[in-house]
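Enquirer: fold the following for me, if possible:
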Amino acid sequence: MRTTESTPASLWWYDLVQPYVKNQQILACPSQPKSLNNGTLGYGINCCMLCPHWCAPSSRPYLGEIPRPADILFIADSAIWLACSWEVAWANVCEVSCTPSVRIDSNTRHVGGSNTLFCDGHAKWFNAQTIGNQAWMDAHIINYKQ
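Expert: Take a look at the predicted model:
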């Protein structure tokens, strides 16, 4: 989905899905600690889908422009509204900085891992050690135009 200049700046991805899901509660992961974001937003979007200036090319892709939608992360468990490798892997603790001391299974959301949703619509669980490395991030988040 591409936004245009006429899209209000106050609308985020979780606002844009509401006409389709019609349920705010779907945004709260039942396994998320209530201390994170007041328990209201348990998922984050792939940073390249929302903030394309971090990625190449510099525009948000239409679904048809993603050549490998089954490989590209769309939404996942996350401590913040943007999903990158660290925020997904250790979704209960990691935001901007994720030091090795907190990269432990007890800081994951789902028995040592996280749930992910890909651009083709399929969902999959990954263990935190798999998600939390640069190779996984390069393959599933950053390089969506390969």
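
Enquirer: once you drop chain neighbours, what's closest to Cys47?
Expert: Leu82 (4.6 Å; Cβ to Cβ, 6 or more residues apart in numbering). In this view, the C-beta of every residue, glycine as well, is placed from N, C-alpha and C.

Enquirer: pretty sure that neighbour contacts Leu41?
Expert: No: judged on Cβ atoms under 8 Å, Leu82 makes no contact with Leu41 at a distance of 11.0 Å.

Enquirer: what residue ranges in this structure score low on pLDDT?
Expert: Low-confidence segments of the chain, defined by pLDDT under 70: 1-11, 35-39, 50-60, 96-97, 142-146.

Enquirer: repeat that for 50
Expert: Residues of the chain that meet the criterion pLDDT under 50 lie in 1-6.

Enquirer: the helices in it, which residues?
Expert: Ranges of helices in the chain, per DSSP state H, are 13-16, 18-21, 47-50, 85-89, 128-131, 134-137.

Enquirer: need these in JSON lines with distance to Pro33 and mean neighbour count, can you?
Expert: Shown next, in JSON lines, are the helices of the chain (distance: least, Cβ to Cβ, whole Å; neighbours: other Cβ atoms under 10 Å):
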{"stretch": "helix 13-16", "distance to Pro33": "19", "mean neighbour count": "15"}
{"stretch": "helix 18-21", "distance to Pro33": "23", "mean neighbour count": "10"}
{"stretch": "helix 47-50", "distance to Pro33": "22", "mean neighbour count": "22"}
{"stretch": "helix 85-89", "distance to Pro33": "14", "mean neighbour count": "27"}
{"stretch": "helix 128-131", "distance to Pro33": "16", "mean neighbour count": "20"}
{"stretch": "helix 134-137", "distance to Pro33": "24", "mean neighbour count": "14"}
